[in-house]
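Student: here are the coordinates; sequence isn't available:
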């Protein structure tokens, strides 16, 4: 489940150490320039390029990938953010609805939007979120949510979590997510020096591990590599399957067997077809067909495989 942890504590721990000096890391020299971030956030609070009144913003989720719409239809969305007091907030919208979010005008802050399909028992967190970062994604009275922004917002949250967990051991305040050079990080995905698979689908990377190691020893883009995965072929019908990443291509039946082949690993993952949902992780899988209102009884299938 890809959901926000309860990070009010991380925000509180970090509050007194908001800005730090820049660090020098392999692969990128200034991904935590406190001065750069401080200037941007000072503009936010002093009526500069990000005026202080921009902390009340409309947040509207982006369009779904076409394959998701074809397979599952229109979703609901759970939006998550931290308000101007550092409290975690949530709102639920349907379809193309929007919600108002209130953000602190003097600090970088993430907004995430998790799609879910309650009529199909697909909860928020099963599929990867869209998202945005304040103040970088503000346009007029809106904060512009995107699928790429979901990766950035997730890394922001993971850095806050990792910092809170490591803070008692004296982690440098420089490695707070507020001090991360987000514009430069985003440019990595246009740089051919970054792993090609991760550039195509950033969710192949292990952002929790990357955050832990970044807080511990600094950022290194050589860690932007795909997690280990293996093929898992299952006799689950001949239709199209979608994964939880909006960047991944749909999976079609393999030639010969006519079965879908899923790239699976240790991490929890979800796949959906028009007929049901497959969940994989830690060497096990379970397939649950969608409930037919005309025939509410349904049979799930599960198994254990080595990969």
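Tutor: It's in. It should be emphasised that the depicted structure is a prediction, and the values quoted were computed from it without experimental measurement. Numbering: from 1, shown residues only.
Student: confidence score at residue 107?
Tutor: Listed pLDDT for residue 107 reads 80.
Student: Oops, could you answer that again for residue 210 instead?
Tutor: The model reports residue 210 with a pLDDT of 97.
Student: Could you pull up the residues touching it?
Tutor: 155, 158, 223, 224 (C-beta atoms under 8 Å, 6 or more residues apart in numbering). Quick note: C-beta positions are derived from backbone N, CA and C, even for glycine.
Student: Those residues into CSV, with extra columns for neighbour count and pLDDT?
Tutor: Shown next, in CSV, are the contacts of residue 210 (neighbours: other C-beta atoms under 10 Å; pLDDT from 0 to 100):
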residue, neighbour count, pLDDT
155, 24, 97
158, 22, 96
223, 17, 96
224, 22, 97
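Student: Looking at the residues you listed, spot the one nearest residue 253.
Tutor: residue 224 (31.5 Å; C-beta to C-beta).
Student: Might you report the residue contacts of that closest one?
Tutor: Residue 224 sits in contact with 188, 194, 195, 198, 205, 210, where contact means C-beta under 8 Å, 6+ apart.
Student: What is the burial count for the fourth one?
Tutor: Yep, that's residue 198 we're talking about. 20 (other C-beta atoms under 10 Å).
Student: could you measure it against residue 99, distance?
Tutor: Counting by C-beta to C-beta, to the nearest Å, the gap from residue 198 to residue 99 is 31 Å.
Student: how about stretch 203-215: buried residues?
Tutor: Going by neighbour count (16 or more other C-beta atoms under 10 Å), the buried part of stretch 203-215 is 203, 204, 205, 206, 207, 210, 211, 212, 214, 215.
Student: Out of these, which sit inside helices?
Tutor: Judged by DSSP state H, the buried residues of stretch 203-215 include 207, 210, 211, 212, 214, 215 as members of helices.
Student: Residue 105 against residue 57, yeah?
Tutor: No. The criterion here is C-beta atoms under 8 Å, and residue 105 misses it with residue 57 at 10.3 Å.
Student: which of those two has more neighbours?
Tutor: Of the pair residue 105 and residue 57, residue 57 is the one with more neighbours under other C-beta under 10 Å, namely 25 against 21.
Student: ok, the strand or helix carrying the more buried one: who's next to it in the sheet?
Tutor: Using DSSP states H and E, residue 57 sits in strand 56-60. Strand 56-60 sits in its sheet next to strand 99-102 (antiparallel), strand 142-144 (parallel), going by DSSP bridges.
Student: what's in contact with the helix or strand that it is followed by?
Tutor: Downstream of strand 56-60, the next assigned helix or strand under DSSP H and E is helix 66-72. Defining contact as C-beta under 8 Å, 6+ apart, one finds that helix 66-72 is touched by 75, 115, 117, 120, 122, 127, 240-242, 246, 249-250, 272-274.
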